[in-house]
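Asker: My questions are about this predicted structure, shown below with the sequence.
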Amino acid sequence: MKHHSTNLIVIKGARENNLKNIDITIPKRQIVVLTGVSGSGKSSLVFDTIAAEAQRQLNETFSSFIRHRLPHYGQPDADLMENLSPAIIVDQKPIRGNARSTVGTITDIYSLLRLLFSRIATPFVGYSNVFSFNHPEGMCPVCEGLGTVAVIDEDKLFDRSKSLNEGAILFPAFDVNTALWKRYVLSGFFDNDKKLSQYTKAEWELLLYQEEIKPPRPKSGWWPSAKYEGVIPRFTKRFLGKEAEENKKTLQSALKRVVMKGPCPECGGARLNKKILSATIHGKNIAEYAAMQVNDLVKEIRRIKAPQAVTMVAAMTERLTHLTEIGLGYLSLSRETSGLSGGESQRVKMVRHLGSSLADMLYIFDEPSTGLHARDVHQLNVLMQRLRDKGNTVLVVEHDPDVILEADHIIDMGPGAGKHGGTVVYEGTVKGLLQSGTLTGTCLRKPVQVKQTVRKWTDSYPVRNASLHNLQQVNVDIPKGILTVVTGVAGSGKSSLINGVFTRLDPEAICINQHALAGSVRSNPATYTGISDIIRQLFAKANKVSPALFSFNSEGACPACKGLGVTSLDLAFMDDIITTCEVCRGRRFTPRVLGYLFRGKNMDEVLRLNVQEALDFFSEEEIQAVLRRLAEVGLSYLTLGQPLDSLSGGERQRIKLATELMASGNAIYILDEPTTGLHLSDAGNLIVLLNKLVDKGSTVVVIEHNLDVISQADWIIDMGPGAGREGGKVIFEGTPAAILKATHSLTGTFLEKYIGAR
């Protein structure tokens, strides 16, 4: 018999990962925010325990036929879980999809637009399915609905300062003495020693574009029945056409060098054929509607007054308004989902759920404020409140003070990371959290001041007439030798200016971004930072054996799993099933290697140490120096052997930062939202670190929304005023103290509010 009210989710004895046998009750139909430092156990509780069990139990209700086609969830390690609702996870994983997946298709707004066009566009060209660029009757015949075609960059394919005999065609398959090369030098059409730059227009056309012809006077060695064909059509058929798949694989890197994506010459990127594009509403075809910015499209859709369109107009207006409210008004429906950032992906997914009429669901958000300006965090809170008010429970893992302060209920995990975390240090109201004395509570109470004594600068890197993406002929000076923070709402042009234009002007700049790290499934923090070599030497010396034994990539590796610790079962079209290796029980090495000890631990036990534990274990200065850097960037909870491909974007950025710190000197560093995934206390440490880099003589440029970081800049460049077409201008340059007085700057307004609220 259950004694608990069904208004509470009850969890007893949760032990997943680092959770220390915790009991907790979570109120339903409220916004519950989980806080705590990275590695404190928030994700273990929310994702690995609550979400995993909710998914598992839901999957159990399906027939075995369907169950086998769903991802498999093991039972989380907990004694009891009651009153769970079906869980919807809205995470930051990029939206999976190919070049045919767009913002319009993923939000279903494009389906409504197709329906609208099939009902009221003139002339009538067919029902809604033909307005799809994936439908054979709708797609452009040249690009097959992709909007782009492979275009050969002639400047990269030919070296015009050379002759054919000197190897003027710069592609391996056309190298001197290859069969393809002979098709040009033996054709009899060219002086093979003449530099391409001296070719007449006719010769150049003949070499590049000629359709198949029989050469009238070929040289000896020419094949009797062979036809001559220009380099471009031959290259296209051989390496870009449908029959090119096999050739493509072997020449991947060479192809990347000479082939670019360009707009389709037939449809100009519209993806649809001429007949479909002839149907218009108010003089615009469906591709023109899809290419408009969402905030312009709303206005355009509202102008449609046809009686048979009323319901479609209402449904589209609602969804487009949600996109605008959540700060994505600068996107267009034709934007490919593969190009969205993690934060943008999460917000696009959110819009899909706002239109849903399901209630009593459990929505789980993973740091939804990532990549959002303070203005848009407010909108995010409104959207989460709407989900709650529809009768749902909203669980949020978050570090942003603006989200934390809006919660109905707080669960603060800690007190530290890794084995120092895993307990609930506070649960209750926000007011109680501020009085609680926990690390989160203390940080939230700490008053914020803008930096008063800023570093002065005289020299700078000038950027002139920048017009990439939405930048409107931007002129700006990036100061040398100080800490500059570039801010502005999402889509205002920060990345275009810094990652796009500035890095091109100053290619020696070191970009520390959140992209995947070089390395494979076998890479981990120890191999990435180079300390694994030193550790292997220590083991080898202590045991008088070869260092190679202690690498799980060579002779010491467990033969069953080849040193991976796991075995993977490929199930064709389903997710692979990954299980711990039965032979080494996940320990990666042979029993012989695991018998060798160093200071009482074997190699596997050393790789399971987290950074903090390893600092206590190793006394060697070379290893200590690296570990201190990792701890400085807030990664003290990472284990030395954790696979790199399991790290989040923020963690990847910080491990790169730690590696760069080891070699820091006089350089330009560009960081892209380095506070992603960082607790308030770690954001403070990060600011100290960035200042250290500047003190060593470097120039540091940070793209950031975090108000703590913005308040501590020497110089602020604020982009805006809005996003997309409404952005792309520099609206403020100056010190933090000066931006507080800049009434036209949203950043200044929210910074002032933030300081006043603390």
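Answerer: Happy to help now that I have it.
Asker: Can you find the helix or strand of this protein with the lowest average pLDDT?
Answerer: Using mean pLDDT, DSSP states H and E, the weakest-scoring helix or strand in the chain turns out to be helix 245-250, at a mean of 60.
Asker: Only the buried residues of the helix or strand residue 533 falls within, if you could.
Answerer: According to DSSP states H and E, residue 533 maps onto helix 531-543. Using 16 or more other C-beta atoms under 10 Å as the test for burial, helix 531-543 gives 531, 532, 535, 536, 538, 539, 540. For every residue, glycine as well, the C-beta is placed using N, CA and C.
Asker: And the furthest pair within those residues?
Answerer: With C-beta to C-beta as the measure, no two of those lie farther apart than 531 and 540, at 14.7 Å.
Asker: Distance to residue 195 and pLDDT for the buried residues of helix 531-543 - can I get that in a markdown table?
Answerer: Converted to a markdown table, these look like this (distance: C-beta to C-beta, whole Å; pLDDT from 0 to 100):
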| residue | distance to residue 195 | pLDDT |
| --- | --- | --- |
| 531 | 53 | 96 |
| 532 | 52 | 95 |
| 535 | 57 | 97 |
| 536 | 54 | 96 |
| 538 | 60 | 97 |
| 539 | 60 | 97 |
| 540 | 58 | 96 |
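Asker: still on that earlier bit, which strands or helices does the helix holding residue 533 pack on?
Answerer: Packing partners of helix 531-543 (3 or more C-beta pairs under 8 Å, 6 or more residues apart in numbering; DSSP states H and E): helix 603-607, helix 621-632.
Asker: buried sites along the helix or strand following that helix?
Answerer: On the C-terminal side of helix 531-543, the closest following helix or strand by DSSP H and E is strand 566-569. Residues of strand 566-569 classed as buried: residue 567 (neighbour count, 16+ other C-beta under 10 Å).
Asker: Work out the sheet partners of strand 566-569 and label each with its direction, please.
Answerer: strand 577-580 (antiparallel) (DSSP bridges).
Asker: all strands of the stretch 451-600 of the chain, in order?
Answerer: 460-466, 474-479, 483-487, 510-512, 566-569, 577-580 (DSSP state E, counting those that start in this stretch).
Asker: ah, wrong one, I meant the stretch 601-750 of the chain
Answerer: Using DSSP E, counting those that start in this stretch, the strands of the stretch 601-750 of the chain run over 668-672, 699-703, 715-720, 729-734.
Asker: and residue 33, that one's in a strand?
Answerer: Yes - assigned with DSSP: H, G, I helix; E, B strand; the rest coil, residue 33 falls within a strand.
Asker: I'd guessed it sits against residue 410; true?
Answerer: Yes - between residue 33 and residue 410 there is a contact under C-beta atoms under 8 Å: 5.6 Å.
Asker: joint contacts of these two?
Answerer: Each of residue 404 lies in contact with both residue 33 and residue 410 under the rule C-beta atoms under 8 Å, 6 or more residues apart in numbering.
Asker: and stretch 155-168, how far out from the chain's middle?
Answerer: 39 Å (C-alpha atoms, centre = their mean, to the nearest Å).
Asker: give me the number of residues near residue 150?
Answerer: Residue 150 has 16 neighbours, counted by other C-beta atoms under 10 Å.
Asker: Please confirm that it is located within a helix.
Answerer: No - counting by three-state DSSP, residue 150 is not part of a helix but strand.
Asker: doesn't residue 261 make contact with it?
Answerer: Yes - between residue 150 and residue 261 there is a contact under C-beta under 8 Å: 6.6 Å.
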